[in-house]
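S.K.: Task: produce atomic coordinates for the following.
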Amino acid sequence: MPISNHAFGTIEASVYAPEIFAQGLPAAQRQAHGDRPRQLAAEDAAPLLALEGIGLSFGGVVALADVDLSVRPGEIRAIIGPNGAGKSSLINVISGVYRADRGHVRLYGARYAQVPTQRLAHLGVARTFQNLALFKGLSVLDNVASGLAYRTRSNFAGQILGVGRTRREQQEQRGRADQVLEFLHLTDVRDRLAGTLPYGLQKRAELARALVAEPRLLLLDEPMAGMTAGEKSEMAAYVRAARDRFATTVVLIEHDVGVVMGLSDRIAVLDYGRKIADGTPDEVRNDQRVIDAYLGVASDNEEGAGI
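M.R.: Model (predicted):
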């Protein structure tokens, strides 16, 4: 049963328009984004990330129950579901914050009972958080450059004195941060304290910090939460452009279903910790289990029964 316009049409108004975003980019970036054909991962490509039978409970409360999930290289993979469905728990298992009670995570073919959080950046994984995690007393530039701190090789004395290798590393990190700030249209606020920015720009700065190391896998936990419709549209366009520009694979948690439908290549739907649907946006849009559990629209049988 397809989802009716009444149930779904209004939220689809927030689906971003890539051609609008591309028009605002410099020529070189338009070539990297708007003027380049969309590159989707081949369906038969080996998964970059795979979850195998993931189970997780807290004090007897089941957060995740036998969840399987595969993520192909280069795709934007969304995870949606009602509040409390287990979405953030799943991201925390992927990033090693939680150790699953059962199951394993496969990352680039390597099998983990728990992904080593302290090596996450070295593994080419970056993430943003549901709540802002910026250093509000530092400039936007320094916040973004901190995403490269794991690459620092200079010793403590060099970092204090700011000489030798430390100076070179700082110059390289700031130069790289400036490139990402330009890409995300944040150059005008690079020297402002992060805590003084409007909320939408803070979320974009956090995305910049995650992107600065050009991760192979980018985990976005509700990157558009609390944004206006216009800000969501802009952020969705930036996420798509970042995937194309940096050849990164994206796992996205987001509540705005309209954004998800327009942005994602494939969508998994969780409900009470279980995966109830998995497929393309059109497949998920028309899945009766999703309509019942996520959108709360009655099925034909229920309507016939007077429910």
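
S.K.: all helices of the protein, in order?
M.R.: Along the chain, counting by DSSP state H, helices occupy 5-8, 18-23, 27-32, 87-94, 140-145, 156-161, 165-183, 199-211, 229-246, 257-263, 281-285, 288-290, 300-304.

S.K.: and the closest residue to residue 124 other than its chain neighbours, how many residues sit next to it?
M.R.: Nearest non-adjacent residue to residue 124, counting by Cβ to Cβ, 6 or more residues apart in numbering: residue 216, 3.7 Å away. For every residue, glycine as well, the C-beta is placed using N, CA and C. Neighbour count for residue 216, taken as other Cβ atoms under 10 Å: 19.

S.K.: try the one 10 residues further on
M.R.: The burial metric for residue 226, expressed as a neighbour count using other Cβ under 10 Å, is 12.

S.K.: do the one 10 residues further on as well
M.R.: Here the count is done by other Cβ under 10 Å, and residue 236 has 29 residues near it.

S.K.: and if you look at residue 61?
M.R.: 9.

S.K.: Pull the contacting residues for it.
M.R.: With contact set as Cβ atoms under 8 Å, 6 or more residues apart in numbering, residue 61 has no partners.

S.K.: Residue 277 now?
M.R.: Neighbours of residue 277 in contact, by Cβ under 8 Å, 6+ apart: 267, 268, 269, 283, 284, 287, 289, 290.

S.K.: buried subset of these?
M.R.: 267, 268, 269, 284, 287, 290 (16 or more other Cβ atoms under 10 Å).

S.K.: What sits closest to the most centrally placed residue in the chain if chain neighbours are left out?
M.R.: Residue closest to the average C-alpha location in the chain (Cα atoms, centre = their mean): residue 220, at 2.3 Å. Leaving aside its sequence neighbours, residue 220 sits nearest to residue 252 (Cβ to Cβ, 6+ apart; 4.8 Å).

S.K.: doesn't residue 236 make contact with the one you found?
M.R.: No - Residue 252 is beyond contact range of residue 236, at 9.4 Å (criterion: Cβ atoms under 8 Å).

S.K.: any residues in contact with both of these two?
M.R.: Common neighbours of residue 252 and residue 236 (Cβ under 8 Å, 6+ apart) are residue 263.

S.K.: Any idea how many residues pack against residue 230?
M.R.: Neighbours of residue 230 (other Cβ under 10 Å): 10.

S.K.: measure it to residue 112 for me?
M.R.: 39 Å (Cβ to Cβ, to the nearest Å).

S.K.: now do residue 244
M.R.: From residue 244 to residue 112 the distance is 29 Å (Cβ to Cβ).

S.K.: Could I get the contacting residues of residue 87?
M.R.: Contacts of residue 87 (Cβ under 8 Å, 6+ apart): 79, 80, 81, 253, 270.

S.K.: and residue 199, what is it in contact with?
M.R.: 226, 227 are the contacts of residue 199 under Cβ under 8 Å, 6+ apart.

S.K.: Let me know the pLDDT of it.
M.R.: Looking at residue 199, its pLDDT reads 93.

S.K.: now do residue 49
M.R.: With respect to pLDDT, residue 49 scores 97.

S.K.: where do the strands sit along the stretch 51-200 of the chain?
M.R.: For the stretch 51-200 of the chain, the strands defined by DSSP state E, counting those that start in this stretch cover 61-71, 76-80, 102-107, 110-112, 125-128.

S.K.: so which of those strands is the most packed in?
M.R.: Mean neighbour count, computed with mean count of other Cβ atoms under 10 Å, is highest for strand 76-80 among the strands of the stretch 51-200 of the chain, reaching a mean of 24.
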